[in-house]
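Undergrad: fold the following and give me the result.
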Amino acid sequence: MNIHVIIQARLGSTRLPGKVLKQIGKYNSLQLIYKRVKKSKYVNGIFFAIPKNKKNIRLKKFILQKITRGVFLGSENNV
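TA: Numbers count the residues shown, from 1 in each chain. Down below sits the predicted model:
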């Protein structure tokens, strides 16, 4: 059985903008989530779903360079 995980992320938070890239120790929250999900022996693939807009260009670049090539871009209201 193939199990794939989709992690939703965006930089457009109103209360704490950019919170998914804030450092927690030596990693940011996206890296921590990815590392924890990757440890599962049941997961075959991990993908990030992010809104396709100018605010999230930095997020897309970070994910592609530092974490994985699995990025899906979609509407902010229906990623």
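Undergrad: helices along this protein, start to end?
TA: 29-38, 57-62 (DSSP state H).
Undergrad: same list, those, but as TSV with distance to S13, mean pLDDT and mean neighbour count please.
TA: The C-beta positions use only the backbone N, C-alpha and C, and glycine is treated the same way. Output for these, formatted as TSV (distance: least, CB to CB, whole Å; pLDDT from 0 to 100; neighbours: other CB atoms under 10 Å):
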stretch	distance to S13	mean pLDDT	mean neighbour count
helix 29-38	12	95	15
helix 57-62	11	94	15
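Undergrad: possible to save those as a markdown table with distance to I46?
TA: Output for the helices of the chain, formatted as a markdown table (distance: least, CB to CB, whole Å):
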| stretch | distance to I46 |
| --- | --- |
| helix 29-38 | 6 |
| helix 57-62 | 15 |
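Undergrad: where do the strands sit along the chain?
TA: 4-8, 23-24, 27-28, 45-51, 71-74 (DSSP state E).
Undergrad: name the stretch among those strands that sits most buried.
TA: The highest mean neighbour count among the strands of the chain, using mean count of other CB atoms under 10 Å, belongs to strand 45-51: a mean of 18.
Undergrad: could you give the angle of that strand to helix 29-38?
TA: Strand 45-51 and helix 29-38 are oriented at 150 degrees to each other (axes from the mean of the first three to the mean of the last three CA atoms, to 10 degrees).
Undergrad: ok, strand 45-51: who's next to it in the sheet?
TA: Note on strand 45-51: by DSSP bridges, its sheet partners are strand 4-8 (parallel), strand 71-74 (parallel).
Undergrad: how far does the longest one sit from the chain's center?
TA: Spelled out, that is strand 4-8. Relative to the chain's own centre, strand 4-8 is displaced by 8 Å; criterion: CA atoms, centre = their mean, to the nearest Å.
Undergrad: cool, and stretch 60-76?
TA: Averaging C-alpha positions (CA atoms, centre = their mean) puts stretch 60-76 7 Å from its chain's average.
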